[in-house]
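*Asks:* Test case, fold it:
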Amino acid sequence: MFGIPGKQAVSITPKAAAQIAKLMEKDGHQGLRIGVKKGGCAGMEYTMDYVTEVDPHDEVVETDGARVMIAPMAQMFLFGTEIDYEVSLLEAGFKFRNPNVVDACGCGESIKFDESIAAKS
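*Replies:* Presented below is the predicted three-dimensional model:
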């Protein structure tokens, strides 16, 4: 595990927890797995997938009935991130406030991390 012992890798706002808990109710999902992958114009993208079975290597964060699993390779990139859920007139979705991001593309779908973090992976 990456991070500070006793401190969760990510925090989940009440709005995000409510949305995740709602999604978990569908089809017996165990939660959402969050990760990162190479892609997009800034170099990396967040991933979110339904989880039907918890991987023992995932870090599990539970808040107010919501369960998020963090893929092992993503833990160092996501440490300190706040996950929120925002609704506006044109869209609704999860937002990541990640202190490890040094740049993002104009559309907000692609991110870049400090190269020293990427070198550790």
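
*Asks:* Identify the residues contacting the longest helix seen in the chain?
*Replies:* In the chain, taking DSSP state H as the definition, the longest helix is helix 14-25. By Cβ atoms under 8 Å, 6 or more residues apart in numbering, the residues outside helix 14-25 that reach it are 12, 29-32, 50, 63-68, 83-86, 94. (C-beta placed from N, C-alpha, C; glycine too.)

*Asks:* could you point out which element follows that helix?
*Replies:* strand 31-38 (DSSP states H and E).

*Asks:* Tell me how far the residue nearest in space to the middle of the chain lies from Leu90.
*Replies:* Closest residue to the average C-alpha location of the chain: Ile34 at 4.2 Å, with Cα atoms, centre = their mean. The gap separating Ile34 from Leu90 is 24 Å, by Cβ to Cβ, to the nearest Å.

*Asks:* Tell me which stretches of the chain form strands.
*Replies:* For the chain, the strands defined by DSSP state E cover 10-12, 31-38, 44-51, 59-63, 66-70, 81-87, 92-97, 101-104, 111-113.

*Asks:* name the helices or strands packed onto the first one?
*Replies:* Judged by 3 or more Cβ pairs under 8 Å, 6 or more residues apart in numbering; DSSP states H and E, the packing partners of strand 10-12 are strand 59-63, strand 66-70, strand 81-87.

*Asks:* per-residue confidence for Glu115?
*Replies:* On the pLDDT scale, Glu115 is placed at 64.

*Asks:* so how far is Gln19 from the residue sitting furthest away from the middle of the chain?
*Replies:* In terms of distance from the mean C-alpha position of the chain, Leu89 ranks first, at 23.6 Å (Cα atoms, centre = their mean). Taking Cβ to Cβ as the measure, Leu89 falls 18 Å from Gln19.

*Asks:* same question, His29
*Replies:* His29 is 13 Å from Gln19, by Cβ to Cβ.

*Asks:* before we move on, what about Asp55?
*Replies:* 22 Å.

*Asks:* the more surrounded of these two?
*Replies:* With neighbours defined as other Cβ atoms under 10 Å, Asp55 and Gln19 compare such that Gln19 has more, 21 against 12.
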